[in-house]
Every structure is written in structure tokens, then in C-alpha cells.
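Novice: Need a 3D model of the sequence below.
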Amino acid sequence: MMRMADVSHITATATALLPCLYSGTIPRRRRSLHLRNGVSREPKFQLRCVSPSSDSLQFDFSPPPIDHDLLDTISVGGGKISEDGVVESFDNDDEALDAFYNGVVVVDLSHFGRIRVSGDDRVHFLHNQTTANFECLIEGQGCDTVFVTPTARTIDIAHAWIMKNAIMLMVSPTTCQSIIEMLNKYIFFADKVEIKDITKQTCLFALAGPKSNQIMSKLNLGDLIGQPYGKHQHFSFDGMPITVGVGSLISDEGFTMLMSPAGAVSVWKTLLSEGAIPMGSEAWEKLRVIQGRPAPERELSKEFNVLEAGLWNSISLNKGCYKGQETIARLITYDGIKQRLCGLELSAQAEPGSTITFDGKKVGKLTSYTRGRNGSSHFGLGYIKKQAASIGNTVTIGEDIYGIVAEVPYLSRQHPPPST
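Specialist: Modelled structure (predicted):
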């Protein structure tokens, strides 16, 4: 068992490791085992650079002998886990939400999809299949990109890392398989592209909150502080590979961590020991709505296009032809964006799908709802026609629930071109 008394090594790793990162199949296991009693103390951290030729780069990706896996550890720590292995709650939603704004939280997002795109044509392939300009990115950089239909209707937002021999995509839990199937349909005989689902071979954590930088400094990962969104580096933690990137999926701030399941327990325990508050998926969903990040089957669907969703930072307007490009160009040229996604401060609980009216006329639809911290407020997201979508406008949701159109952080960080 990896105890907190163990000495943990975080080693900066050259990108020459990328061909072997996450190449083995290590399933996430659920077992009912008991932890051995032991005295815990503050872990020690050492950071040392290693050369590509160093023997220490020869990682063993088979899991070492351990008494429990990540989900067992989280369960013992008070986490409630669904039958399909999603960490739903720690019965601390208000504390976790407060920590996001005033401290630091760690979230197990291992149920989100991870797709590895490799092959010599991978950059050109994703450049043509999604909205971002992949051809302008270099190894170690990252971006958000949007999967859309040929008519620019939204499917999902993917967070991408450009690695030496692959591009890593992080997508929503509900879209991973359909995106893989869609991408495979567009691979032609001569294309050198391989699509692989590595969700079960990896674990994914998000570290978020204003004190995230403090933990990164304590772990000798301070070089990533202040770097651009999507910038990522590779390290070794207790001999296991881990990639750390700037941004927490829900915010430009914070960090994302991708690792082998064999190393996930040590990483999780270390982050908690440094003061991170655990957050479950239910609180993360609340946070998603309050922050204004669109999600599949809510704000991202065939009912809405990518410009109505306001995902300007994920769209290249000057790259060559790509799926949905003609529709996007036409919408911009002819001012065809008739509605936009907005935040809504609500007077009471409201049902997603409810009609939004303004001056007695239907102007939109509520797509997401959540309670705020301490259950004392109500918040939603919805698409509203432009004439009614001004910040501060009062609209009606359903029969008698009032909403004030409000800015949300995720959408307010989007930067449309001046002409729009």
C-alpha cells in the first residue's frame, strides 16, 4: 500500500516519453479491502530534472502491489460512489463550493472521456474535424475545441493537449464513444490516424480555486504557474507518469492532472494532505451551471449552433475549410446569430426545458438549473433571443418564475471578433 509516510518523487520528464505514456491497459478496480493502520506524516517532495537518456525514464506501467485502488480510497474517505464508478458526493457540497472561490478543491473527473489521437496526420485531421486551429499549436501547448455537425450544431467541447506523438482530448462523459465513432468514420484509407479510448487506462483530476498555485508550489510544480491555458508538462510521481496542465476544464485557472491509475491514490492523498477539499460530481455540476460552462444534452445539442453557445475562444475564423466552417462564416457575415446563451438569477426552482418569455413573448428556453451555495439562491442557464438577452433584463421562466439575465464567468471570458 502507498502510505503517506512514503517518500514521493515528482520528476520533470522529457517529452521523449510520450510514445509510452498511458500505453498499457490498467483497468480501474473496485474491491472491498481494509486499509492497514499506520501513522501518516507530511510527504516529502523532491524535484529533479532527468535527461532523455536516463535509465530512470524507463517507467514500469504495471501497477505495483497495493491494498486498494482510488475508488476504495475515496470511499474510505467518505465519498459516495455510484454503481458505474462516479464519485458523486462527499456530503460537503457547500464547503467544496466555498473552497472553489476561497481555497482549493480537487475533483475526480475520471468518468470524463479521454481520447488519444495519434499518427502522422493527427494534427491535420483534428484541424479539419473541429473548430480550433491545431496547425498553429506546438508540443506542450493546448486549447479548447468544439466538435460540431456539418451545420455547426454543437456536440461537445474538448480540451486538447498537443504531445510529442499524440493529441490528448478530454471530453464529457456522455459523448466519448459517439465522438470516437464519428472520428473513425472520417478516417480514409490513406490517412495515418489512430483513435484510441484511454479512459479506463488513466485517471483525471481537476485542481481549482485561488489557492491552487500554493499547492503547485509546494509540490515543486511552480513552473506551470502563470503559463497560458492548456500549457502542460510531464512528470514522474512515485515512479508513475503524470501530466499536469494549466486550466481546470471549468476555468482558465487551476490545473488538470492526467495519470496512471496505479499512481492516482498517491496523488489524491497528497493533494488532500496539502489542504485541497474533495468535491464530488454533484457539486461539480452545480459549479458548471454557476460558472456557465455549456454541457452536452443541455446547452450543447443539435438545437443550438456553436456561435449561439458563445464559444468564441474555441473557434478559428481564419483557418481553412473544416466541418461547420461554411455555416459559421455565413452566420458571422450575415449577422445570423439570433440568440445567445445567458446566465439567469432565478426567483425559485425551475425546470430545464421551460419556456422563457419577455414582455409576454417567447424568447428562449431554460437549459440548466441548480441551487446556489447553502440552497439560498437559484441559478440557471438558457438560450435567449438577442433583443431580450441584455444583462439585467427581467424575464419569466414558465408561468411565474422570474429571472434576471446575468453574466457568467466561463462565457464572459469568450472573446468574439469586434465585428460581431
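Novice: centroid residue for this structure?
Specialist: In the chain, the centroid-proximal residue (C-alpha atoms, centre = their mean) is L249; its distance is 3.2 Å.
Novice: Specify the local secondary structure of that one.
Specialist: Applying DSSP: H, G, I helix; E, B strand; the rest coil to L249 yields a three-state assignment of coil.
Novice: Need phi/psi at it.
Specialist: phi 70, psi -40 (degrees, to the nearest 10).
Novice: just the helices in the stretch 151-300 of the chain please.
Specialist: Assigned by DSSP state H, counting those that start in this stretch, the stretch 151-300 of the chain shows helices spanning 176-185, 212-218, 261-273, 281-291.
Novice: my bad, the stretch 301-420 of the chain
Specialist: 325-333, 409-412.
Novice: and the first one, average pLDDT?
Specialist: Just to be clear, that refers to helix 325-333. Averaging the model's pLDDT scores along helix 325-333 yields 93.
Novice: Would you mind listing the buried residues in it?
Specialist: Neighbour-count burial for helix 325-333, with 16 or more other C-beta atoms under 10 Å as criterion, is recorded at 325, 327-328, 331-332. Placement of C-beta: from N, CA and C, glycine included.
Novice: Dump the helices of the stretch 151-300 of the chain to JSON lines, plus mean neighbour count, mean pLDDT and distance to T370.
Specialist: JSON lines is the format used below for the helices of the stretch 151-300 of the chain (neighbours: other C-beta atoms under 10 Å; pLDDT from 0 to 100; distance: least, C-beta to C-beta, whole Å):
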{"stretch": "helix 176-185", "mean neighbour count": "16", "mean pLDDT": "97", "distance to T370": "24"}
{"stretch": "helix 212-218", "mean neighbour count": "18", "mean pLDDT": "96", "distance to T370": "23"}
{"stretch": "helix 261-273", "mean neighbour count": "22", "mean pLDDT": "94", "distance to T370": "25"}
{"stretch": "helix 281-291", "mean neighbour count": "22", "mean pLDDT": "97", "distance to T370": "4"}
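Novice: Tell me if I'm right that Q214 and L207 touch.
Specialist: No. When contacts are counted by C-beta atoms under 8 Å, Q214 is not listed as touching L207 (10.7 Å).
Novice: who touches both of these two?
Specialist: Each of V104 lies in contact with both Q214 and L207 under the rule C-beta atoms under 8 Å, 6 or more residues apart in numbering.
Novice: okay, the helices of the stretch 151-300 of the chain in TSV with distance to N305 next?
Specialist: Formatted as TSV, those follow (distance: least, C-beta to C-beta, whole Å):
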stretch	distance to N305
helix 176-185	17
helix 212-218	33
helix 261-273	38
helix 281-291	21
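Novice: Pass me the low-pLDDT residue ranges in the stretch 151-300 of the chain, would you?
Specialist: Confidence mapping of the stretch 151-300 of the chain against pLDDT under 70 gives zero matching residues.
Novice: And the helices of the stretch 151-300 of the chain: which comes nearest L70?
Specialist: Nearest of the helices of the stretch 151-300 of the chain to L70, taken as C-beta to C-beta: helix 261-273 at 4.4 Å.
Novice: Does the closest one pack against any helices or strands, and if so which?
Specialist: Packed against helix 261-273 by the contact rule (3 or more C-beta pairs under 8 Å, 6 or more residues apart in numbering; DSSP states H and E) you find helix 70-76, strand 105-108, strand 203-208, strand 232-237, strand 240-246.
Novice: No further queries at this time; thank you.
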